[in-house]
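Provided below are the primary sequence and the corresponding predicted coordinates.
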Amino acid sequence: MFEKPLNKSQDSILQALNEVQKKAVLHEQGPLVVFAGAGSGKTRIITARIAYLIAGGVHPSQILAVTFTNKAAREMKERVESLNSNGFGVHIGTFHSACARWLREFAPKLGFQSDFSIYDDKDALNALKLVLKELNVKLEDTSANEYKAAIAKAKVLGWLPSDAEKLANQYVSFFPDMGIQVYKRYQEYLAMCNAMDFSDLLMNMLLLLRRDKQVRAILQKRYRYILVDEYQDTNPTQFSLISCLVNDDQNLCVVGDDDQSIYSWRGADPANILEFRRHYPQAKEIRLEQNYRCTKNIIEAASAVIAKNTVRAEKTLWTENAPGESIDYHVAYDGEMESSAVVDSIHREKALYPYHDVAIFYRTNAQSRQIEDSLLRQNIPYRIYGALRFYDRAEIKDLLAYLRIVVNEQDDMAFHRIINIPARGIGKKALEQIQERARDEGIANIHAAIKMADEQIPRLSNKLKAFKVEYEALKTKILLAPLSEVLSTLLSLVDYKTYLEKKFPDQVSDKMANIHELGAALADYAESSPKASLSEWLKDVSLSGSEKEANGGVCLMTLHSAKGLEFPRVYILGLEDGLLPHASAQDDLDELEEERRLFYVGITRACKKLSLHSARKRRIFNQWMANEESRFLKEIPSNLLTSKSAISTNRSLNGGSYGTMPTPAGMQVGAYVSHPTFGRGVIASVEGGTLPPKAIVEFREFGKRKIALHHLKQVSSLS
């Protein structure tokens, strides 16, 4: 087919490609792996290759292209159809949509009917709760969500209940108690309901392909050419699915960039693309290294950073674009000044970079709070990409509801939110009784609940008594507490963290980070308005929360959400060790390299201008922390950076020393200290001659840790 002279359609498709891209499109038969660097035209390769195959005589229905999001699939389909009018017949979709389509066709082979239901997260959780109840699994120490998370992880790894049983000794900590039994019964229950959850779509299709040679042969014959986008993001189940679909001709084309592999936490394995030729020894390898998106300075900075990773396919991005501006590096005094500097810059550059051309990236969702506040103060519209605005997040609304009901007992909406968070056994029927009593007597819901606590109401009074005691303690202590200590007082009386651990086991870290940031917001407000009350702070928060998200405003997002996007103007915040790289990754080489890839992704989203920001100190849950500047900054050549500091510093950008850093008095061996992450401990030894000075601390729950002294706060005891 490919040896024939090119027809007009094929020739027009090739005209828009550079020489290396043409090689990928012209590849004849057999496996092909394309390492496509950031901004090198990855999607163009896939869509052009599909259109070229059709123009050369391949029937559209014989081509399968899979990607990860519905948005990417739609864009791919539109581009294929614009290149070739017959492109509408190509099977283009996500892994999940493709598997759902095949399972509708072959479901009876697995004992399902073709009209099986697909359970969403809520349906799946309700089904799992029924199974747990049936098996008499007690949920005092765990929750249905923990079982759900464990089962989902098993499915990502392609483990059936039988596999889990075989591997139980090796992976004994993988499931909660009775987890394997719960998994087995849950799958039986779904089958009985003629239903599959979202993860089953992939796992059941893989099971079918492995067990049924006829189905495998049908699909291998149906799809002569298979193309996979973002191959570095495939997990073990997706990798195995593709392997089963490839026929003897092995016309598999995978495109991706291991340098942008940032999703290991959800099962993605960059080894799938790095070791492609081990699985397909005859594979041809092509590297797309010309970037069309960014200025030369941005590309050189990104390349210098990612070159420090040891596990990667060797490649070097380059561009014919102009050098562009130097990369700004700003060091602020604290997190608030960092946000103010960014917003001031956005305001100054509005004529050059309209708001919709600007993006602000950060490592964790919790970091959005300060930049949101600064944007609101300057009346700059913004939108959060891939997440809720800070004050709209469930955990923030929960804790604000507690504070609202303390300040205003007439706030029935706040009462409804907190009455069963954490769970107190006060269900819908009980709440209706409280509401009816409140209506009859013309009083607030909380006053009705307190009255009912003192009455003899079966199965309700005792639960309300416990709530009454907790609420009265809250009201007394919170209203007496300094504003900066209001949140810590609330959390000392309401065991909200345990509630999160039970209900959101895979999100506890992020949600607690948001709560810590709420504490910082209170402390900042108390510092700037020493005479302000809790009521005044809640009023200001409510006003900021009432602002509507602007479609054309500045775009805010985490670095994980930024992948696949591009903006003329980009700011990256929080470039400090502990934030980027994240504290959880600093002692693990693989995780550290993924953090570096995350930074690389952020840099390469910027088309024209990039600014990097850090702060000398940052408030974390009402405690000041002074982290060292991100080690990744030192990997950028100094000639590419323009340093702008909001403070006086003795520290140079690349390899310079830290100036003398003040440390708290009394930090000697035997002193009791607290740390915002590790809790309380005792200093075992102090290291001299290091900047910043450090100590070995024996923490009660985490053992010995080496900690910079300025991260510690002296306390009077370990309790």
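Structure's in. What do you need?

pLDDT of the helix or strand containing K617, averaged?
When secondary structure is defined by DSSP states H and E, K617 falls within strand 606-620. For strand 606-620, mean pLDDT rounds to 90.

likewise stretch 629-636?
Looking at stretch 629-636 alone, the average pLDDT works out to 92.

so which bits of that stretch are buried?
For stretch 629-636, the buried set under the neighbour-count rule, 16 or more other CB atoms under 10 Å, comprises E629, S630, R631, F632, L633, E635, I636. Every C-beta, even on glycine, is put in place using the N, C-alpha and C of the backbone.

any chance of those residues in JSON lines, plus secondary structure and distance to D495?
What follows is the buried residues of stretch 629-636, written out as JSON lines (DSSP: H, G, I helix; E, B strand; the rest coil; distance: CB to CB, whole Å):
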{"residue": "E629", "secondary structure": "strand", "distance to D495": "37"}
{"residue": "S630", "secondary structure": "coil", "distance to D495": "35"}
{"residue": "R631", "secondary structure": "coil", "distance to D495": "37"}
{"residue": "F632", "secondary structure": "coil", "distance to D495": "38"}
{"residue": "L633", "secondary structure": "helix", "distance to D495": "40"}
{"residue": "E635", "secondary structure": "helix", "distance to D495": "43"}
{"residue": "I636", "secondary structure": "coil", "distance to D495": "45"}
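
ok, the helix or strand following the strand holding K617: who's next to it in the sheet?
Using DSSP H and E, the helix or strand that follows strand 606-620 towards the C-terminus is strand 623-625. Applying DSSP bridges to the sheet, strand 623-625 is found paired with strand 606-620 (antiparallel).

centre of the chain to the strand it pairs with, how far?
19 Å (CA atoms, centre = their mean, to the nearest Å).

what do you get for stretch 94-105?
Mean C-alpha position of stretch 94-105 versus that of the full chain (CA atoms, centre = their mean) differs by 26 Å.

from A521, how far off is Y391?
As defined by CB to CB, to the nearest Å, Y391 lies at a distance of 9 Å from A521.

cool, and Y183?
Between Y183 and A521 the computed distance is 41 Å (CB to CB).

which parts of the one helix or strand V486 maps to are buried?
Under the criterion DSSP H and E, the helix or strand holding V486 is helix 486-493. Judged by neighbour count (16+ other CB under 10 Å), helix 486-493 contains these buried residues: V486, L487, T489, L490, L491.

farthest pair within the residues you listed?
In the buried residues of helix 486-493, the most distant members under the criterion CB to CB are V486 and L491, with 9.9 Å between them.

in the stretch 501-650 of the chain, which spans are helices?
Remark: helices assigned in the stretch 501-650 of the chain by DSSP state H, counting those that start in this stretch are 508-528, 534-545, 559-562, 589-603.

lowest-confidence stretch among the ones you listed?
Least confidently modelled of the helices of the stretch 501-650 of the chain is helix 534-545, at a mean of 72 by mean pLDDT.

okay, now the closest residue to E146 other than its chain neighbours: neighbour count?
If you skip the residues right next to it in sequence, E146 has P505 as its closest partner in space, 4.4 Å away by CB to CB, 6 or more residues apart in numbering. Around P505 there are 18 other residues, counting by other CB atoms under 10 Å.

wait, P505 sits on A144?
No. Contact criterion CB atoms under 8 Å: P505 and A144 do not qualify, at 9.9 Å.

can you list contacts of the helix holding V486?
The contact list for helix 486-493 (CB atoms under 8 Å, 6 or more residues apart in numbering) reads 399, 402-403, 470, 473-474, 477-478, 481, 497, 515, 518-519, 522, 534, 621-622.

tilt between it and helix 508-528?
For the pair helix 486-493 and helix 508-528, the angle between their directions (axes from the mean of the first three to the mean of the last three CA atoms, to 10 degrees) equals 140 degrees.

restrict helix 486-493 to CA atoms and write it as PDB.
Provided in PDB are the C-alpha atoms of helix 486-493 (Å, rounded to 0.1, in the frame of the first residue of the first chain):
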ATOM      1  CA  VAL A 486     -10.500  29.500  66.300                       C
ATOM      2  CA  LEU A 487     -10.000  26.700  63.800                       C
ATOM      3  CA  SER A 488      -7.600  24.700  66.000                       C
ATOM      4  CA  THR A 489     -10.100  25.000  68.900                       C
ATOM      5  CA  LEU A 490     -12.900  23.700  66.600                       C
ATOM      6  CA  LEU A 491     -10.800  20.800  65.500                       C
ATOM      7  CA  SER A 492      -9.800  19.900  69.100                       C
ATOM      8  CA  LEU A 493     -13.500  19.500  69.800                       C
END
